[in-house]
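Chemist: what follows is a predicted structure for the sequence shown.
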Amino acid sequence: MSSYSVFGGPRTMTGSCAVCQAVATQCCSSCHLVFYCSREHQKQHWKIHKTQCTPYKVEVSERLGHHVVATRDIQQGEVIIEEEPIVLGPKVLSLPLCLGCGRRIKVIEGEEVYKCSGCGWPLCGSHCETSPFHVPECNLMKERGFRADINLKEDKKEAAYCSITPLRCLLLKKHDQSKYEGIVKMQSHLKERRDTPLYNIFKNNVVGFLRNALGMTEFSEETILRITAILDTNSFEIRRSEGDIKVRGLYSKAAMLSHDCKPNTKHFFRGPKYTLKLVSTVPIKKGEIICVTYTQTLWGTLERRAHLKQSKCFDCTCLRCSDATELGTYIGAINCSQCKKSGGKRNDKLISTSPLEPSAPWKCEVCSHTIPGRQMAWGNDAIRREISALDKSKPQGLEDFLDKYKGALHPANGHILEVKYALSQMYGNMQGFLLSELPDRLLERKINLCTELLEIADVLDPGSTRLRGVLLYDLQATMVVQAKRDLASDKITKAAAQDIMGESMTLLQLAAEILKTEDDMAHLLQDKLANLSKELECDS
Ligand SMILES: C[S@@+](CC[C@H](N)C(=O)[O-])C[C@H]1O[C@@H](n2cnc3c(N)ncnc32)[C@H](O)[C@@H]1O
C-alpha cells in the first residue's frame, strides 16, 4: 500500500485526534477507526498507523463471542488479514513428521529414521536440529533428561505427537510472554469438552507426558487441558504446500473469525513461516461480519452442525443451517420413497421439518411421508463410511456408488455431490483418463458434472473460491477438447467452434483470476491462458 493511498477526504464523524487528542472530524478512510484533526497529523501518524490499519474490527456478541466486522466496504479479492502463526506444530494424530521443518518423514522398513541428537525425536536430518521450531522443546527435554523412543510406521498416524503443539504453547510463557498471554485468553470451551473421549485422551497422554515425563509441574493439569482445548477451538489446519502432510497453527487475528456455512472469505498459507492470508471471496459491505467456514461446504446441515458441535462446541444457526432447503440447493435432501412408489416425480424430496433441531423428523414436500431425524443421521453416517471405503484409484467404484443411490438420494444431495466432484477431478486428470484420451461420452459426462457442481458452488461457495476456480478451469479445458473433436468430425461448424473457444477463454480468465493465489495452479493457468489466446488468434 502506498503511503498516502488511504488519506481520504473529510468525513463527518468525530473522535479525538490520534496525535494531539484534539476534537477531530476526519478519520482514516481505510479502517475508519482512527481520527485526525488535520491532514498533517494524519501524515505524521501514518508511520505508526500503517502497521495497524485494517479494514475490520473485532466485536463481541452474545451469539458469536468475539468476531470480526468490516469497518468499510471490502472488494472481492482483497487481502484482509496477513499474519504469521503464534504457534505451529503437529496435529493430535500425525503421520511421521519432522519436528524441525514440519516435512513428512519417509519411513523405510528396516532403515533407521534420523533421531535428534538432543532429544531423540525423529527429524529429517542433523540440519533440522537447529530449527527455531524445535530448539526450545529440545532444550527442555535435554534439561529434564528425557529422550524420546518413538517407533514410526510409514502410513500410520502416531499419537505421541499430541503433546508437541501444547508443549510449544506452554514454552512461550518463558520465551514470549505476550504470545503466551494471547493464547490463554482465547476461547477454550473447556467446560463443554470435559469428560469427552478426546479430553480423557489428553488428560492421560498430554498431561501425563508434560507433567510426569518432562516434570513441567509448574503447569497445572487444568492449564494444560485448557491449552489443548484452545488449540482444538482455534487452530487452523494447514496442508503443507508439498501436499504430503497436515500440521496445525494458531493465529492471533484469524482466531477471532467466526464461522458461517456460506463464508465470505478464503484463506491459504504461504512461505516457510506459514503466513496466513485471508482474502475476501465476495464483496463485503461495511458492518458485515467477515467469516470463514470451519466445516465442509458439500456436507448437509445434519453433518455440518454435528461436526461444529463436536469440534467447536456450538450450534450453528446461520442462514443456510436455518433453511431446510439449504438456500434452495437441497443438499441434505433424500428422495421420497412413497411418492416414487405411487408414481410421483422422482424429485419429490424429504427435508427437515425443523433444521435447527437434529432430532426433528424429515418430511416429504409433496406427500405426508416422514422419517425420524435420528434415522437420517444414521443413514448419513453409514453413507459417509461407504464413501470413505470406496476405491478412489479409478472412477468405476464412484460411478457404481452414484448408480446405487440415484433412487434414494436427491441428485444434489451432499454425498452425491462429493462423489461427483471426485469424478470430475478424475476424468481428464488421472492416468488412463487424460482429457485427450477420454471417449466422447466421458467428455460429455465431465462437462455435465462440472456444470452441475458449479450451480451449487455459485450458491453455497460463491465468488472467488477454490471450488469454483477448479470447476471453471476443468469445464473450459473439457469444452475446448470437445469443440475441437466436434469440429474435426464435422459435428459443428467452424463458427460454432469459435464461439465455444471464446466462451472457454472467458471461463479460463475467470478461473485464472480466482486461482492466482493457489501455488499449485497459478503457473499452469498462465501457460493455459497464453496457449488458448494463441489458438484463438490463429483460428480467427
Ligand atoms: C475460533 S473461535 C472464534 C472466536 C471466539 N468467538 C471468541 O470469542 O474467542 C471459535 C468459537 O467461536 C464461536 N463461534 C464461531 N462462529 C460461531 C457461530 N456461527 N455461531 C456461534 N458461535 C460461533 C464458537 O464458540 C466457537 O467455538
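Modeler: Arrived safely. Note that the structure is a prediction, hence the values are computed from the model and not measured.
Chemist: what sits against I284?
Modeler: Shown in contact with I284 (Cβ atoms under 8 Å, 6 or more residues apart in numbering): 70, 73-74, 264, 290. Just so you know, the C-beta spots here come from the backbone N, C-alpha and C atoms, and that holds for glycine as well.
Chemist: can I get the residues you listed in a markdown table with pLDDT?
Modeler: Converted to a markdown table, these look like this (pLDDT from 0 to 100):
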| residue | pLDDT |
| --- | --- |
| A70 | 97 |
| D73 | 96 |
| I74 | 97 |
| N264 | 98 |
| I290 | 98 |
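Chemist: how does the protein divide up, domain by domain?
Modeler: Annotated domains of the chain cover 15-53, 87-250, 316-411, 427-539 [automatic domain parsing].
Chemist: of all the ones you listed, which lies closest to the ligand?
Modeler: With Cβ to the nearest ligand atom as the criterion, the ligand lies closest to domain 87-250 of these, at 3.7 Å.
Chemist: what about that closest one and the ligand, touching?
Modeler: Yes. Judged by Cβ under 6 Å from any ligand atom, domain 87-250 and the ligand are in contact via 186-187, 189, 233-234.
Chemist: point me to the residue of this protein nearest the ligand.
Modeler: Closest point on the chain to the ligand, by Cβ to the nearest ligand atom, is G65, at 2.7 Å.
Chemist: about what we covered before: in CSV: the domains of the chain, plus mean pLDDT and mean neighbour count.
Modeler: Shown next, in CSV, are the domains of the chain (pLDDT from 0 to 100; neighbours: other Cβ atoms under 10 Å):
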stretch, mean pLDDT, mean neighbour count
domain 15-53, 86, 16
domain 87-250, 94, 17
domain 316-411, 92, 16
domain 427-539, 89, 17
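Chemist: how about the ones you listed in TSV, adding distance to T275?
Modeler: Formatted as TSV, the domains of the chain follow (distance: least, Cβ to Cβ, whole Å):
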stretch	distance to T275
domain 15-53	15
domain 87-250	10
domain 316-411	28
domain 427-539	12
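Chemist: of all these, which lies closest to L257?
Modeler: domain 87-250 (9.6 Å; Cβ to Cβ).
Chemist: hang on, the earlier thing: closest to P85 out of the contacts of I284?
Modeler: Checking these against P85 with Cβ to Cβ, the nearest one is I290 at 19.3 Å.
Chemist: any chance of the residues of domain 87-250 next to the ligand in a markdown table, plus secondary structure?
Modeler: Below are the residues of domain 87-250 next to the ligand laid out as a markdown table (DSSP: H, G, I helix; E, B strand; the rest coil):
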| residue | secondary structure |
| --- | --- |
| M186 | coil |
| Q187 | coil |
| H189 | coil |
| T233 | helix |
| N234 | helix |
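Chemist: hey, where'd the strands end up in the stretch 51-200 of the chain?
Modeler: 56-61, 65-70, 79-83, 87-90 (DSSP state E, counting those that start in this stretch).
Chemist: tell me which of these is the most buried.
Modeler: strand 87-90 (a mean of 24; mean count of other Cβ atoms under 10 Å).
Chemist: list buried residues within the contacts of I284.
Modeler: Buried residues within those, counting neighbours by 16 or more other Cβ atoms under 10 Å: 70, 74, 264, 290.
Chemist: turn the residues you listed into a markdown table, columns for distance to I383.
Modeler: Formatted as a markdown table, these follow (distance: Cβ to Cβ, whole Å):
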| residue | distance to I383 |
| --- | --- |
| A70 | 38 |
| I74 | 38 |
| N264 | 30 |
| I290 | 34 |
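Chemist: which one of those is nearest S131?
Modeler: Among the buried ones among the contacts of I284, I290 lies closest to S131 (Cβ to Cβ), at 33.4 Å.
Chemist: any idea which element that closest one lies in?
Modeler: Element membership for I290 (DSSP states H and E) is strand 289-292.
Chemist: can you list the neighbours in contact with that strand?
Modeler: With Cβ under 8 Å, 6+ apart as the test, strand 289-292 has contacts from 56, 64, 67-70, 74, 80, 254, 257-260, 263-267, 278, 280, 284.
Chemist: right, and the helix or strand after that strand?
Modeler: Under the assignment DSSP H and E, the closest C-terminal helix or strand after strand 289-292 is helix 301-312.
Chemist: residues of that following helix that come out buried?
Modeler: 301-306, 308, 312.
Chemist: among the residues you listed, which ones lie close to the ligand?
Modeler: Answer for the buried residues of helix 301-312 near the ligand (Cβ under 6 Å from any ligand atom): K312.
Chemist: now stretch 478-486, how far from the centre of its chain.
Modeler: From the chain centre to the centre of stretch 478-486 is a distance of 33 Å (Cα atoms, centre = their mean, to the nearest Å).
Chemist: can I get it in PDB, CA atoms only?
Modeler: Below are the C-alpha coordinates for stretch 478-486, written out as PDB (Å, rounded to 0.1, in the frame of the first residue of the first chain):
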ATOM      1  CA  THR A 478     -13.100 -30.100 -21.400                       C
ATOM      2  CA  MET A 479     -15.100 -27.700 -23.600                       C
ATOM      3  CA  VAL A 480     -12.000 -26.900 -25.700                       C
ATOM      4  CA  VAL A 481     -11.300 -30.600 -26.300                       C
ATOM      5  CA  GLN A 482     -14.900 -31.400 -27.200                       C
ATOM      6  CA  ALA A 483     -15.200 -28.400 -29.600                       C
ATOM      7  CA  LYS A 484     -12.000 -29.400 -31.400                       C
ATOM      8  CA  ARG A 485     -13.200 -33.000 -31.800                       C
ATOM      9  CA  ASP A 486     -16.700 -31.900 -32.900                       C
END
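Chemist: and R374, what does it touch?
Modeler: Taking Cβ under 8 Å, 6+ apart as the test, what R374 contacts is S359.
Chemist: er, A408 actually
Modeler: A408 touches 334-335, 337, counting by Cβ under 8 Å, 6+ apart.
Chemist: one more time with 6 Å
Modeler: N335 (Cβ atoms under 6 Å, 6 or more residues apart in numbering).
Chemist: repeat for the one 4 residues further on
Modeler: Applying Cβ under 6 Å, 6+ apart, one finds that A412 lies in contact with 329-331.
Chemist: and the closest residue to C169 other than its chain neighbours, which of the three is it?
Modeler: Once flanking residues are discounted, C169 sits nearest to I227: 4.9 Å by Cβ to Cβ, 6 or more residues apart in numbering. What three-state DSSP gives for I227 is helix.
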